[in-house]
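Return atomic coordinates for the entry below.
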Amino acid sequence: MVVVDKENFMGGTGIAHFEHIMMADEMHGMNRVYAKVTLKKGCSVGYHVHNGDGEDYFVLSGVATLDDNHERTLYLKPGEHYFTPSGKGHSILNEQDEDFKNVNTLQLDCRNCSYELENLKEGTKIIFYYFPYNADVRPLKVENIYVINEKESNIDLTEKAGQLFNSYRDKTDESIYARGKSGGVITTKDIEQATEFYILAGYEQSDAEDKAVEYMLRRDATYQRAIAAGYSVSDDEINDYLDDLKVTINDSINSEEAQALISQFGSEEGYWQHEFEVYKINLPIEKYLESLKQEYLKNSISTQSNNQEAEETIENYNRYIEEVQSELVKQEQYEIFK
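Sure, this is the predicted structure:
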C-alpha cells in the first residue's frame, strides 16, 4: 500500500492522509484513485471542479462539512456517501475533534453516474472491476455502513457481464486482427468481445471500438514483455490464485452477485475454466507491472523532499505506466489485418 500525506491538497488546509488501496495501473485505467483518506480536525480538501471524471466518498468515521458545488452545505456522517459528477465541484472540511475517514474513488470517463444507498451488514463486500474478459474481485471490509450501488442492480450488471463473457467462449471465428513481432496474435473475436464490453460500459460504438483495439494491443504487448522478462506462471500458481478467489467470493456478504455472473456459464466448472485461461495472461502481466511499480516508487519516493513531491510522483507513475505500455505496443510493430 502506498501512503502519501498531501499538504494543502487542492488549495485546502493542513494534511490529507491518503492510503492508496490500489494504484491506477492495477485498475487498468477504469479508475484513477481508490484510497482511504483521513482528515484531522481543521484539515480540508480545497474546492475543485471535476471535468471528465466523477468522485465519491464513503464515510467510515467522523463528520465532515462539504461544500456541494457552491449550492448547499452538507454534513457527512458515518454510513453516508456523496458523489460529485463531472462538471460539478466540491470541497470538504473536518471541523470536529474526531478524525474524518472515508474511502475515496475517482472514476474516469464517468457515464450514467446515478446511485442509490444500500445498507450492508458487517463483513467483507466484494467489489467488481470489469474488464473485457473477466470481472476481477477485490475485498472491502465494511462495518454496518452504507455503500453505493448503481440504480441498475449489481446482480443485473454481473448477469450481463457473465452473458457477454460466456457468449464468446464457443465462437469459432479465429480470424486474425493483428500479429506482433513477438508472435502474439489478437483475433477478430477478441476485438468484437472487447467492443461489446465497452458498449456495455456505456461507450458509443465508435469509441468502444477504439477502446477495444487500444486495450487488446496493450494487453498483448505487455504480456509479451512480461514473458520475455521471465514473469511466467505455472498451472499450480493459477489454481492457487483461483482457490483464494473462490474463498473470497464464498465468504463475502454479497456473494450472490458473483453467483449471478457464474451462473451464466451453465456450470461453476465452466466459469473457472474460463478464469483459468484469463489468468494465464493476467497474472504474468500483474507480476511485470508490480515489478515496474516497486522499482519506480523506490527510485522516486526515496528522493522526495516533501509530501507534495511525493504526490506528484504517484501521478507521474500512472502516466509512466501508460507511456511504457504505449512504447511496448510500438515495439511490437503490429501488423493489422482488417
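
from here on, contacts and neighbour counts on C-alpha atoms
Noted.

Just give me the neighbour total for the spatially closest residue to residue 171 that is not a sequence neighbour.
Leaving aside its chain neighbours, residue 171 sits nearest to residue 189 (7.7 Å; criterion: CA to CA, 6 or more residues apart in numbering). For residue 189, the number of neighbouring residues by other CA atoms under 10 Å comes to 18.

going forward can the numbers begin at 304, since that is how I track them
Noted, 304 is the first residue going forward, which turns the last one into residue 492.

Tell me who's in contact with residue 492.
Residue 492 makes contact with 471, 474, 476-478 under the criterion CA atoms under 8 Å, 6 or more residues apart in numbering.

Next, residue 567: phi, psi?
phi -70, psi -10 (degrees, to the nearest 10).

Contacts only, for it.
For residue 567, the contact set (CA under 8 Å, 6+ apart) comprises 462, 465-466, 469.

Could you measure from it over to residue 348?
Remark: distance between residue 567 and residue 348 (CA to CA, to the nearest Å) = 43 Å.

Residue 633 now?
40 Å.

the more surrounded of the two?
residue 348 (23 against 14).

just checking, what packs against the helix or strand containing the more buried one?
Using DSSP states H and E, residue 348 sits in strand 347-352. With contacts defined as 3 or more CA pairs under 8 Å, 6 or more residues apart in numbering; DSSP states H and E, strand 347-352 has these neighbours: strand 318-325, strand 392-396.

and with 6 Å instead?
For strand 347-352, the packing partners by 3 or more CA pairs under 6 Å, 6 or more residues apart in numbering; DSSP states H and E come out as strand 392-396.

And for the strand it packs on, what's in contact with it?
347-353, 367-372 (CA atoms under 6 Å, 6 or more residues apart in numbering).

Could you turn the buried ones of the residues you listed into a ChimeraX selection?
One line in ChimeraX is enough to select the buried ones among the contacts of strand 392-396; burial here means 16 or more other CA atoms under 10 Å:
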select :347,348,349,350,367,368,369,370,371,372
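
which two from the contacts of strand 392-396 end up farthest apart in space?
353 and 367 (19.6 Å; CA to CA).

what stretches of the stretch 504-641 of the chain score poorly on pLDDT?
Along the stretch 504-641 of the chain, the model assigns pLDDT under 70 to residues 603-618.
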